[in-house]
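# structure for this input, please:
(one chain, ligands or ions: 1)
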Amino acid sequence: MFIAVDGGDGAGKSAQIAYLTNWLRNRGRQVAFFRDPGDTPLGDALREILLARKDLAICSEAETALFMAARAQLVRDKIRPALAIGQTVLVDRFLLSTAVYQGYAVDGDAETIWRLGTHLTGGLLPDVTFVLDCPTDVAFGRINRSRDRIESKGADFHRRVRDGFLRAVDDWKRLGVPGKVFVVDATQTPEEVSATIVERLQDEAPELADA
Ligand code: TYD
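Okay, the predicted model is just below:
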């Protein structure tokens with residue numbers, strides 16, 4: 001089983017991923033967790049360029065290519081091997097983020113991003129994706145550390161990101177994206193968000209809850 005947690009910056013992904021990892025492990029699942037971009041030598045190098053190098057001008061087409069390159073390596077080196085030995089794979093972001101940040105949010109062609117991105121993962125996409133949804137002002141209030149290159153793009157961009165996630169979910173079926181997607185209201189308490197995620201997951205894959 002391949003699960004992704006996605007959403008705008010500051011929506012509380014990290015806490016939910018930590019909760020979900022424990023929940024799955026407590027039920028005897030072997031969980032392989034990866035963050036996208038990252039978790040391979042190439043992915044870590046690209047992550048550094050994409051997030052830390054505020055001195056570089058990187059256009060959205062170039063961003064798209066670099067995020068996709070990091071993901072292709074992660075899929076080949078880590079995600080596919082983990083799935084092949086029966087592990088439950090949990091990822092912090094995946095191709096949906098590219099469709100939104102480099103597509104919907106900048107008037108990029110999200111359909112082409114889905115098509116190219118799916119090609120570069122060899123057709124592999126998450127079985128279930130949770131999108132944590134939170135108004136931008138609330139989400140940004142939660143980021144109390146220095147902002148990375150993408151987080152520094154400004155409030156208007158991040159409002160388009162938030163809308164972009166919701167539009168992407170609406171377009172999911174029309175664009176023929178495989179897998180299930182659920183929007184979770186991330187303005188709830190962390191406990192409520194976790195409970196919602198676990199409930200949806202159990203509906204989708206009751207076998208995951210077998211202790
Ligand atoms: P994230 O790992 O969530 O950052 P953090 O560890 O700071 O929470 O995501 C990194 C940033 O990269 C985030 O702002 C979203 C952005 N991003 C894209 O723009 N496109 C992509 O394809 C991906 C995967 C992430």
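# isn't there a helix covering residue 193?
Yes. With DSSP: H, G, I helix; E, B strand; the rest coil as the criterion, residue 193 is part of a helix.
# what sits against it?
Residue 193 makes contact with 12, 16, 132, 184-186, according to CB atoms under 8 Å, 6 or more residues apart in numbering. C-beta: built from backbone N, CA, C; applies to glycine.
# kindly recompute the last result at 10 Å.
Contacts for residue 193 (CB atoms under 10 Å, 6 or more residues apart in numbering) come out as 11-12, 15-16, 19, 130, 132, 134, 184-187.
# ok, of those residues, which come out buried?
The neighbour count (16 or more other CB atoms under 10 Å) marks 11-12, 16, 19, 130, 132, 134, 184, 186 as buried among the contacts of residue 193.
# out of the helices and strands in the chain, which is least certain?
In the chain, no helix or strand scores lower on mean pLDDT, DSSP states H and E than helix 136-142, which sits at a mean of 84.
# next secondary structure after that one?
For helix 136-142, the following helix or strand on the C-terminal side (DSSP states H and E) is helix 155-171.
# other SSEs contacting whichever helix or strand comes after that next one?
Sequence-wise, the next helix or strand downstream of helix 155-171 (DSSP H and E) is strand 180-185. Where contact means 3 or more CB pairs under 10 Å, 6 or more residues apart in numbering; DSSP states H and E, strand 180-185 is packed against strand 2-7, strand 128-133, helix 155-171, helix 190-204.
# which of those sits closest to residue 68?
Residue 68 lies closest to strand 2-7 among the helices and strands packed on strand 180-185, at 15.3 Å (CB to CB).
# might you list the low-confidence residue ranges for the protein?
Scanning the chain for pLDDT under 70 picks out 210-211.
# for it, what lies in contact range of the ligand?
Within reach of the ligand by CB under 6 Å from any ligand atom, the chain has these residues: 9, 35-37, 51, 67, 92-93, 97-98, 101-102, 148, 150-151.
# let's check: the centremost residue of the chain is which one?
For the chain, the residue nearest the mean C-alpha position is residue 93 (1.6 Å; CA atoms, centre = their mean).
# so the closest residue to residue 120 other than its chain neighbours, which of the three states?
Among residues not flanking residue 120 along the chain, residue 72 sits closest, at 4.5 Å (CB to CB, 6 or more residues apart in numbering). Per three-state DSSP, the secondary structure class of residue 72 is helix.
# who touches residue 179 in this structure?
Contacts here follow CB under 10 Å, 6+ apart; on that basis residue 179 touches 2-4, 94, 96, 125-129, 172, 204.
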